[in-house]
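Q: Sequence and predicted structure below; questions after.
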Amino acid sequence: MRRRDFHKLAGGAAVGGLVFTGVSVDLVNAAEAKTTDIRNLFESDDPEVLALAQRAIDKCVLEKLRAPVEPLQHTWVQPGGPYYMGQWIWDTMFVVDLLSILPGKQQVIRDIFQNYWDFQDRWNKKMPDYARDMITVAIKTAPQEERQFSQIPILAWGVERVYQRNGDRELLTQCLVRLERFHDWFWRERDLHDNGLITLGAYTGVLQHAKWETFDYECNMDGMQMTVHPRRKGPAEGAWYADICVPGNTAYLILGERSLARLAEIIGDKELAARRNKRIEKAVKAMRDHMWDEQAGTFLAVKRDSLEKIPVATIGSWIPLTAGVPSQGMAKRMAEVLASPAWQTPLPVPTVDRTDKRWKSNAFWRGDVWPSTNYQIASGLATYSHKDLAADIADKTIANAIRHGISEHYDSVSGQPLGIRDYCMSCTLVTMMLDGLAKEHRLNVRRGSRE
């Protein structure tokens, strides 16, 4: 069952906002947030690019801001659609990244992050030591059930992106201690053999909940099972831990650790930076030693206890590029494979190798294409100097959105939109251009636009 189906609940008519089981959820400063003239923010010689950027800022960023509603005590970000009611981890970071370009949004961004730390406090009051400092996949609006599992750990990456854009040191003061505690929970509760590789899990013991910590329906999880902790024993222990380690979440945690270490250096906390760099070194070595597969030309999931590789490459296999995990030689091999027919669908990059029998061009994380993952893969390729391939992926993704509109994900053959229109993290269509990843589609921040 897809998460959108799981979250779908009967609703009522909305008056002045969205309605969820009797709770009105309003836009923040609705009249002000409805639109902003991006010509004051961005410049491009392509009117189609400007039109795409206008819609992304209005619909994927500003219109996703919501006024406080229990248990969220501050402005929060709704991803999109009437049944995604809560603030997610992964999705939200792409929104705050672009929101930080807009003038006067520093406090709004601090409030969005404060929701995570408020959850951390509520969670810690009722959980045992080993579970403390987790941040849930999504802080759901009441009366929805609290989620007992996490998600792709890129909160620190999001904080760094905001700081790079607006220089808000108060945000660093607010977040760094909390981020380290969250990262320490991740290593404690997901690196079960203390070898630098991350598994999945959920304190409910529900297999699908564990899968929701990463790219929901990746083919490398088809045989995954839930087990008890391999080392911790006790009468209260449950089957809360998956039996595989995935390259996507391991790489994302490394990415977050790199951001946290750099931010620690900025505020002068060298001890914090040293702690995080030690984690990075260990995890990078573990991924290279155990997940790298030369024949596949990428990183593969492995069995948690035996480290046996699971022979299918999925979208998570390419996230190590973004996190700076591969050596230069590995990155060159990854670029060769990404440029091959197995991954070069008419609209790249599909979420599983096209030669896999489970591939289907419109299948959810099993052959479709997502702007957010394309952005991160292109970013990684460019960092390793494979800029032409990065630009090809970025330009095709942007051109398809200009042709078909902004959507959650797309069919990798026809390019037809799938999922929710104007989904929040598809704002990465703009981020690709602002980061200089595209060649044909150019967009720049107008000088002085944030002053």
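A: Sure, I can see it. Numbering: from 1, shown residues only.
Q: got the contact list for residue 326?
A: By Cβ atoms under 8 Å, 6 or more residues apart in numbering, the residues touching residue 326 are 288, 292, 299, 320, 334, 384. The way it works is simple: take the backbone N, C-alpha and C, and place the C-beta from them, glycine included.
Q: how about 6 Å then?
A: Counting by Cβ atoms under 6 Å, 6 or more residues apart in numbering, residue 326 makes contact with residue 320.
Q: In which helix or strand does it reside?
A: Counting by DSSP states H and E, no helix or strand carries residue 326.
Q: which intervals of the stretch 1-150 of the chain have sub-threshold pLDDT?
A: In the predicted model, the stretch 1-150 of the chain carries pLDDT under 70 at residues 1-35.
Q: quick one: buried residues of the strand or helix carrying residue 264?
A: Following DSSP H and E, one finds residue 264 within helix 247-266. Going by neighbour count (16 or more other Cβ atoms under 10 Å), the buried part of helix 247-266 is 247-264.
Q: before we move on, what about stretch 324-343?
A: Neighbour-count burial for stretch 324-343 [16+ other Cβ under 10 Å]: 324-326, 330-331, 333-335, 337-339, 342-343.
Q: Inside helices: which ones of these?
A: 330-331, 333-335, 337-338 (DSSP state H).
Q: Tell me which two of those sit farthest apart.
A: 330 and 338 (12.4 Å; Cβ to Cβ).
Q: Next, work out how far apart residue 172 and residue 130 are.
A: Between residue 172 and residue 130 the computed distance is 28 Å (Cβ to Cβ, to the nearest Å).
Q: and the helix or strand residue 163 falls within with helix 247-266, angle?
A: Assigned by DSSP H and E, residue 163 belongs to helix 155-166. Using axes from the mean of the first three to the mean of the last three Cα atoms, to 10 degrees, the direction of helix 155-166 lies 50 degrees away from that of helix 247-266.
Q: looking only at pLDDT, what's the mean for helix 155-166?
A: Helix 155-166 carries an average pLDDT of 98.
Q: does residue 354 really touch residue 340, like I thought?
A: No: between residue 354 and residue 340 there is no contact under Cβ atoms under 6 Å: 9.3 Å.
Q: Assumed residue 231 was part of a strand.
A: No: Residue 231 is assigned coil when assessed by DSSP: H, G, I helix; E, B strand; the rest coil, not a strand.
Q: number of nearby residues for it?
A: By other Cβ atoms under 10 Å, the residues close to residue 231 number 8.
Q: From here on, call the first residue 258.
A: That works, and once the first residue is 258, the last one we named lands at residue 488.
Q: For it, give its distance to residue 449.
A: Residue 488 is 7 Å from residue 449, by Cβ to Cβ.
Q: same question, residue 309
A: As judged by Cβ to Cβ, residue 309 and residue 449 stand 44 Å apart.
Q: Residue 588 too?
A: For residue 588 relative to residue 449 (Cβ to Cβ), the value is 29 Å.
Q: So which residue is dead centre in this structure?
A: residue 347 (3.2 Å; Cα atoms, centre = their mean).
Q: thinking it is in contact with residue 409, fair?
A: Yes: using Cβ under 6 Å, residue 347 makes contact with residue 409 at a distance of 4.2 Å.
Q: quick revisit: can you pull the contacts of the residue nearest to the centre of the chain?
A: 408-409.
Q: let's see it at 8 Å
A: Counted by Cβ under 8 Å, 6+ apart, residue 347 has contacts 408-409, 411, 629, 682.
Q: Give me the neighbour count for residue 490.
A: For residue 490, the neighbour count with other Cβ under 10 Å is 8.
Q: Got the phi and psi for residue 559?
A: With angles defined as degrees, to the nearest 10, residue 559 sits at phi -130, psi 160.
Q: no wait, residue 539
A: phi -70, psi -40.
Q: Touching, it and residue 453? I think so.
A: Yes: assessed by Cβ atoms under 8 Å, residue 539 is found in contact with residue 453 at 4.4 Å.
Q: The two: who's more crowded?
A: Using other Cβ under 10 Å, the more surrounded residue of residue 539 and residue 453 is residue 453, with 22 against 17.
Q: in the stretch 358-507 of the chain, which spans are helices?
A: 363-381, 412-423, 426-447, 464-468, 504-523 (DSSP state H, counting those that start in this stretch).
Q: The stretch 558-707 of the chain now?
A: Under DSSP H, counting those that start in this stretch, the stretch 558-707 of the chain gives helices at 576-580, 585-595, 628-640, 644-661, 685-691.
Q: Kindly reformat these as a markdown table containing distance to residue 354 and mean pLDDT.
A: Formatted as a markdown table, these follow (distance: least, Cβ to Cβ, whole Å; pLDDT from 0 to 100):
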| stretch | distance to residue 354 | mean pLDDT |
| --- | --- | --- |
| helix 576-580 | 14 | 98 |
| helix 585-595 | 24 | 98 |
| helix 628-640 | 10 | 98 |
| helix 644-661 | 16 | 98 |
| helix 685-691 | 6 | 98 |
